[in-house]
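Novice: Sequence and computational prediction follow.
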Amino acid sequence: MSASELACVYSALILHDDGIPITADKMTKLIETAGVSVEPFWPGLFAKALESQDIASLISGAGAVGAAAPVAAAGGAAEEKVEEKKEEKKEEEEEESDEDMGFGLFD
């Protein structure tokens, strides 16, 4: 995901969290305030895609359809990577605990 897309996603989430309607102008203002430069079409594209969506259901994962599906899919892929890393770490810990049977060198 590019920095422009992330800036638009974060600005939309901020506006939603504050209960402010998500418009291209408000997103642009937030993005500029953050000091991020984006192509001018991104905020309008996101605002148009999100105007008919229930943002709360997108956040919870219940309504990841339509134009916002790639954003939700990217979030799901990130979660899968985190879970894979947790599983790998857990497996490594299990291997280490299997090797250490509680016997010391000088017991």
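Specialist: Received, thanks. Just so it is clear, the model here is predicted, and its values are computed rather than measured. Numbering: from 1, shown residues only.
Novice: what stretches of this structure score poorly on pLDDT?
Specialist: The model of the chain has pLDDT under 70 over residues 63-82, 85-86, 89-105, 107.
Novice: Try it again at 90.
Specialist: By pLDDT under 90, the weakly predicted segments of the chain are 1-2, 52-107.
Novice: can you pull out the helices in it?
Specialist: 3-17, 24-33, 41-50, 55-60, 69-99 (DSSP state H).
Novice: Hey, what's the angle from the first one to helix 41-50? Just curious.
Specialist: Here the directions of helix 3-17 and helix 41-50 differ by 50 degrees (axes from the mean of the first three to the mean of the last three C-alpha atoms, to 10 degrees).
Novice: Next up, the contacts around V38.
Specialist: Counting by C-beta atoms under 8 Å, 6 or more residues apart in numbering, V38 makes contact with 3-4, 7-8, 31. Quick note: C-beta positions are derived from backbone N, CA and C, even for glycine.
Novice: again, only using 6 Å
Specialist: Counting by C-beta atoms under 6 Å, 6 or more residues apart in numbering, V38 touches 4, 7, 31.
Novice: what's around the last one, how many residues?
Specialist: So that's I31. 19 (other C-beta atoms under 10 Å).
Novice: May I ask you to confirm that it is in contact with S11?
Specialist: Yes - because the distance of 5.4 Å satisfies C-beta atoms under 6 Å, I31 is recorded as touching S11.
Novice: Show me which positions of stretch 29-45 end up buried.
Specialist: Burial within stretch 29-45, assessed by neighbour count using 16 or more other C-beta atoms under 10 Å, is assigned to 30-31, 38, 42-43, 45.
Novice: how long is that stretch end to end?
Specialist: Across stretch 29-45, the terminal residues are separated by 15 Å (C-alpha to C-alpha, to the nearest Å).
Novice: and the gap between D18 and F106?
Specialist: 63 Å (C-beta to C-beta, to the nearest Å).
Novice: which of those two has more neighbours?
Specialist: Higher neighbour count among D18 and F106: D18, with 8 against 4, using other C-beta under 10 Å.
Novice: count of residues packed around K48?
Specialist: 13.
Novice: The residue nearest to A47 when sequence neighbours are not counted: neighbour count?
Specialist: In this structure, A47 finds its nearest non-sequential neighbour in A24, 4.3 Å apart by C-beta to C-beta, 6 or more residues apart in numbering. For A24, the count of nearby residues is 17 (other C-beta under 10 Å).
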